[in-house]
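K.L.:
this one's sequence-less:
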């Protein structure tokens, strides 16, 4: 028997009355491989188009890429079944049984798949959005796949969430409608401080940080007196952030705090600390008179006083200059850890 005849006549297995031969199996495999290559080429083309397009069009291109991948695989699967010799129209009973199996054994997988389609069509969460999940963690959406969504935090930690969790649970999307947002930095000054001078120092601090929005007038920095604390007048610096700062909340907040402390110290404004009045009624079990007499007696007997603590070491001018930099501002201005190696567009290659 020739190899060609063996491939066409040999019976590997059968599905009901459908006989599967080696050549039919090879044809089905080639169809699936061709479909995967076609899908990958199409996604790479869409990825290049996304890299050259404006940011607002990239989520839509990503959605098209994922749906195209699923559609190509589905069509290739049906064609492969036909190549094997299976009549698709006669698979009604099989598909019904498969549906029952999906309903019981694969319920979570189907739920996540449908939830992923909802996310892609609804676009309430898109690739590139900065979101806060229920646990309080913040990160940027990197990929929405068939089962899960990958979110990367500013500490370069990847969080893998089932798609159903993003659809069913509470998720805060910081960049859904607009990339700019408002930040409030609370601070306090000593009672008796000139509130107009405090406002001047706060505005100078806001202007020194490059993330502050100054136009239009409704979004210029403001200083609010918000309350009267036990030891301080409580203020808030209210600033609108530029787009590049919204996704770096921790370092941006620290950068404003650094600039604010510098401005307050430059204007001689005191930042208070809590103060309490302590009324001493006894020391080591003695009343006030006995304690005073005991202390005087110890002084008369020549008991040495405890040695004073060494003075705090002072910084040299060089060390102070080296430490004067705003590290939080430098971190906020630096590239995101997930993009520090090389810039790239959102990945569209599908995971098979």
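P.N.:
Received it, and whenever you're ready, just let me know what you need. Just so it is clear, the structure is predicted and the values come from calculations on it, not from any experiment.

K.L.:
Name the nearest residue to residue 66, ignoring sequence neighbours.
P.N.:
Leaving aside its sequence neighbours, residue 66 sits nearest to residue 120 (C-beta to C-beta, 6 or more residues apart in numbering; 5.7 Å). C-beta here means a position set from N, CA and C on the backbone, and glycine is covered the same way.

K.L.:
what sits against that neighbour?
P.N.:
Contacts here follow C-beta atoms under 8 Å, 6 or more residues apart in numbering; on that basis residue 120 touches 62-63, 66-67, 144.

K.L.:
What is the neighbour count of the closest residue to residue 333 other than its chain neighbours?
P.N.:
Using C-beta to C-beta, 6+ apart and skipping the chain neighbours, the partner closest in space to residue 333 is residue 210 (7.5 Å). Look at residue 210: counted by other C-beta atoms under 10 Å, it has 12 neighbours.

K.L.:
Now for residue 210, which secondary structure element holds it?
P.N.:
Using DSSP states H and E, residue 210 sits in no helix or strand.

K.L.:
That one touches residue 330, doesn't it?
P.N.:
No. Applying C-beta atoms under 8 Å, one finds residue 210 not in contact with residue 330, separated by 11.5 Å.

K.L.:
Now the longest helix anywhere in the chain: buried residues?
P.N.:
In the chain, with assignment by DSSP state H, the single longest helix is helix 22-52. For helix 22-52, a neighbour-count test (16 or more other C-beta atoms under 10 Å) marks 24-25, 27-28, 31-32, 35-36, 39-40, 42-43, 46-47, 49-50 as buried.

K.L.:
Check the separation of the first and last residues in stretch 213-221.
P.N.:
8 Å (C-alpha to C-alpha, to the nearest Å).

K.L.:
related to what we said a few turns ago, pull out the buried residues from the contacts of residue 120.
P.N.:
Looks like the contacts of residue 120 have 62-63, 66, 144 buried, using 16+ other C-beta under 10 Å.

K.L.:
returning to that earlier point: let's see which of the contacts of residue 120 end up in helices.
P.N.:
Counted as lying in helices by DSSP H, out of those, are 62-63, 66-67.

K.L.:
could I get the residues you listed as CSV with distance to residue 113 and pLDDT?
P.N.:
Below are the ones in helices among the contacts of residue 120 laid out as CSV (distance: C-beta to C-beta, whole Å; pLDDT from 0 to 100):
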residue, distance to residue 113, pLDDT
62, 17, 73
63, 15, 71
66, 11, 75
67, 12, 76
